[in-house]
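Enquirer: sequence unknown, structure follows:
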């Protein structure tokens, strides 16, 4: 049986109950300030890296001019510490006048003029996590209308300085208030992260009806250890999480830290691939003004992005954990295609992993396989054994097209044709082979 059959029914069920605001039918993509720039408000000493209007216009220019926008990276999201410490005379939130002298509305116009969208941060509580004015229950409608008046396109709604009862009222109420403004505003909820991320405390059926995406777990940090902790939590709890996600509503494992300081190139490819398998929002948090060419090529990998953005919208799963330290992940895609990911938890040397598509529950047939990061392609029969060489902390990721009907192999292959190992690393003369 092909894996698609096992999850399709539950995935289609989720689609029917997703938030009906017409937004984020595929995972949103863009740039978010927090992990890289935190709450740096010292613009006198650090003008290029503080949370200010200039930082966000700089990033907007990079998205618009360096090929990001055309790939789908369209959201520029302000995180915490943007606001003035005081609301205005009408009780509305306002931006810090020194760091955002032209205000948030002018900033949103700057984004829209460049074909981008503006996201902003709020908090379901008396204060934000950084100590700035939050949105208590009696300010929800006022703040929702303020964001709409500013032509904001997404709200990230955190949960510091609020209790369980306030969150149970406030998160659904903000969803209703945003929709009531008449402006399409994507809604990112941090609610499940404050309730442990799992049922019975978290009602994912309700979340899918009120939010476009939701933070389930702790904030990502700029380290491989942090990435692994998030990956472990998401796939250890995959049965619950897969059932919750679908077009219009997504589990959010937090930002991409590719291009920062904590990940090697192998680990950067791994994060990109794992986030694609999870159908996760792709919000980079890095400095696009100074990003390396290697990090850029990973984040701009068209095939990885196409897997992430697949319109079927079914989140992938881990299907094998081997004693060797190799883990195998699979995601169903539209047009009967799929993504297959081999991930190494090892730290010593490349590992040569042997299997076949039939052993991974693929149906009988001949498949076209494209390697996402090497660009190689191969035609592979389900029963043919193959070896992939997976580097330490690295991945081999395949896009696999729907099977063709079996047909006889060309004569030259049946009499000793050329064989080549498929994956990252040197060409191999090992057996078992993959036809190239």
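Expert: All right, it came through fine. Values in this document were obtained by computation on a predicted structure and should not be read as measured data.
Enquirer: and the closest residue to residue 110 other than its chain neighbours, which helix or strand is it part of?
Expert: Here the nearest residue to residue 110 in space, its sequence neighbours aside, is residue 57; by C-beta to C-beta, 6 or more residues apart in numbering that works out to 5.8 Å. Any C-beta I mention is one placed from the backbone N, CA and C, and that applies to glycine too. Residue 57 belongs to helix 53-65 when assigned by DSSP states H and E.
Enquirer: next, count neighbours for the residue nearest to residue 110.
Expert: A count of neighbours around residue 57, defined by other C-beta atoms under 10 Å, yields 17.
Enquirer: that one contacts residue 109, doesn't it?
Expert: No: in this structure residue 57 lies outside contact range of residue 109 using C-beta atoms under 8 Å: 11.1 Å.
Enquirer: so what touches the helix holding residue 57?
Expert: Applying C-beta atoms under 8 Å, 6 or more residues apart in numbering, the contact partners of helix 53-65 are 30-31, 33, 37, 47-49, 68-69, 73-74, 76, 78, 99-102, 107, 110-111, 114-116, 288-289.
Enquirer: next, the contact list for the closest residue to residue 218 other than its chain neighbours, please.
Expert: Leaving aside its chain neighbours, residue 218 sits nearest to residue 193 (7.0 Å; criterion: C-beta to C-beta, 6+ apart). Contact analysis of residue 193 by C-beta under 8 Å, 6+ apart lists 159, 214, 215, 216, 217, 218.
Enquirer: is residue 193 in a helix, a strand, or coil?
Expert: Reduced to three states with DSSP: H, G, I helix; E, B strand; the rest coil, the structure at residue 193 is helix.
Enquirer: in stretch 34-46, what counts as buried?
Expert: 34, 35, 36, 37, 39, 40, 41, 43 (16 or more other C-beta atoms under 10 Å).
Enquirer: how about stretch 313-321?
Expert: Those would be 313, 314, 315, 316, 317, 318, 319, for stretch 313-321 by 16+ other C-beta under 10 Å.
Enquirer: once you drop chain neighbours, what's closest to the fourth one?
Expert: With C-beta to C-beta, 6+ apart as the criterion, residue 316 has its nearest non-adjacent residue at 2.8 Å, and that residue is residue 331.
Enquirer: for the residue nearest to residue 72 when sequence neighbours are not counted, give its distance to residue 85.
Expert: Leaving aside its sequence neighbours, residue 72 sits nearest to residue 29 (C-beta to C-beta, 6+ apart; 4.3 Å). Residue 29 sits 32 Å away from residue 85, taking C-beta to C-beta, to the nearest Å as the criterion.
Enquirer: among the buried residues of stretch 34-46, name the ones in helices.
Expert: 34, 35, 36, 37 (DSSP state H).
Enquirer: please identify which of the residues you listed is nearest to residue 90.
Expert: Nearest to residue 90 out of these is residue 34 (C-beta to C-beta; 28.5 Å).
Enquirer: hmm, back to that, so which of the contacts of helix 53-65 belong to strands?
Expert: The strands, defined by DSSP state E, take in 30, 31, 76 from those.
Enquirer: ok, how many other residues are close to the closest residue to the first one other than its chain neighbours?
Expert: The shortest distance from residue 30 to any residue other than its chain neighbours is 2.9 Å, reached at residue 75 (C-beta to C-beta, 6+ apart). Using other C-beta under 10 Å, residue 75 has 25 other residues around it.
Enquirer: same check on residue 177?
Expert: For residue 177, using other C-beta under 10 Å, the count is 20.
Enquirer: from the contact counts, what lies against the host helix or strand of it?
Expert: Applying DSSP H and E as the criterion places residue 177 in helix 164-180. If you count contacts as 3 or more C-beta pairs under 8 Å, 6 or more residues apart in numbering; DSSP states H and E, helix 164-180 packs onto helix 140-149, strand 154-158, strand 186-189, helix 191-194, helix 204-210.
Enquirer: can you redo these as TSV with mean pLDDT?
Expert: What follows is these, written out as TSV (pLDDT from 0 to 100):
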stretch	mean pLDDT
helix 140-149	98
strand 154-158	98
strand 186-189	98
helix 191-194	98
helix 204-210	97
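Enquirer: flag the shaky bits of the stretch 101-250 of the chain, pLDDT-wise.
Expert: In the prediction, the stretch 101-250 of the chain carries no residues with pLDDT under 70.
Enquirer: distance of residue 355 from residue 33?
Expert: From residue 355 across to residue 33, the span is 42 Å (C-beta to C-beta).
Enquirer: sorry, that was for residue 110
Expert: Separation of residue 110 from residue 33 (C-beta to C-beta) stands at 15 Å.
Enquirer: and what of residue 341?
Expert: Taken as C-beta to C-beta, the span from residue 341 to residue 33 is 29 Å.
Enquirer: quick one: which of residue 29 and residue 85 has more around it?
Expert: Higher neighbour count among residue 29 and residue 85: residue 29, with 23 against 10, using other C-beta under 10 Å.
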